[in-house]
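# I'll drop the sequence and a predicted model, then ask my questions.
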Amino acid sequence: MNSEKLSKRLETVAGFVPQNARLADIGSDHAYLPVYLTKTKQISYAIAGEVVKGPFESAKKEVEAQGLASKIKVRLADGLAAIQPEDEIDTVTIAGMGGQLISEILNADLEQLINVKRLILQPNVGECGLRRWLNQNGYHIVAESILQEHQKIYEVIVVEKGQQALNEHALLFGPFLMQEKSTVFIKKWQQELENKERVLKKLKQAKQLNQEKVAQFSKEITWIRKLII
């Protein structure tokens, strides 16, 4: 992967970025996403934010090598602190982190999101918890995507401001994904079903029975079976 050819995962994220957006890519790594979007004229301006010195230097080198230093600002900062008011950011991407960490990044600097119209989030794990945070903090899901790359399955969640009442099913499976039931979605939940059945068996064999966990796993196993079988 490079700024000329994104991974399938980042290509999916890029597909949800609005035309002429002013983008903040948080945890930008090599800045491949903002560089690609700038070169394809999909965005007009970008911030590549990195909290770790190594990736920050890599991002800076990539942006300079591509001659895009006037259009992409690379900043060493923690999360949304990379954004400054004069940037007039309207779109934020956060990809390749756990859902819990993404929630924490958003929650730490809510004031930075006041003028942001769209968040495009790609959690590696913890999708349900992230949806729960979004649901509780005034965001509604406008699109979702699920894909497989290198034997790993990823979900992309696209949200905008607005209230949305998601039930437990939608929080777990994704409101759009559970309707579409793509082959990748079915594959993911078949794997999850096997894992949860394995864990439930161990829970039931434990010397001290955790009734709450047994009930939760049993409930989710029932939901998965009904949805995919």
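Ah, there it is.
# which residues touch the residue nearest the centre of the chain?
With distances taken as CA atoms, centre = their mean, the residue of the chain nearest its centroid is residue 122 (1.9 Å). By CB atoms under 8 Å, 6 or more residues apart in numbering, the contact set of residue 122 is 9, 12-13, 93-96, 154-157. All C-beta atoms are positioned from the backbone trio N, CA, C, and that covers glycine.
# now, the residues you listed that are in strands?
93-96, 154-157 (DSSP state E).
# make CSV from those residues and add pLDDT to it.
Output for these, formatted as CSV (pLDDT from 0 to 100):
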residue, pLDDT
93, 98
94, 98
95, 97
96, 95
154, 98
155, 98
156, 98
157, 98
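# between the residues you listed, which sits nearest residue 73?
Using CB to CB, residue 93 comes nearest to residue 73 of the ones in strands among the contacts of residue 122, at 15.0 Å.
# isn't the closest one right next to residue 120, touching?
Yes: Residue 93 sits in contact with residue 120 when judged by CB atoms under 8 Å, with a separation of 4.7 Å.
# what do these two both touch?
Shared contacts of residue 93 and residue 120, counting by CB under 8 Å, 6+ apart, come down to 13, 17.
# domain parsing for the chain?
8-166, 185-228 (automatic domain parsing).
# if we can go back for a sec, any chance of JSON lines for the contacts of residue 122, columns distance to residue 34 and neighbour count?
As requested, the contacts of residue 122 are exported to JSON lines (distance: CB to CB, whole Å; neighbours: other CB atoms under 10 Å):
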{"residue": "9", "distance to residue 34": "15", "neighbour count": "21"}
{"residue": "12", "distance to residue 34": "16", "neighbour count": "20"}
{"residue": "13", "distance to residue 34": "11", "neighbour count": "24"}
{"residue": "93", "distance to residue 34": "8", "neighbour count": "27"}
{"residue": "94", "distance to residue 34": "13", "neighbour count": "24"}
{"residue": "95", "distance to residue 34": "12", "neighbour count": "24"}
{"residue": "96", "distance to residue 34": "14", "neighbour count": "16"}
{"residue": "154", "distance to residue 34": "19", "neighbour count": "24"}
{"residue": "155", "distance to residue 34": "22", "neighbour count": "24"}
{"residue": "156", "distance to residue 34": "17", "neighbour count": "24"}
{"residue": "157", "distance to residue 34": "20", "neighbour count": "26"}
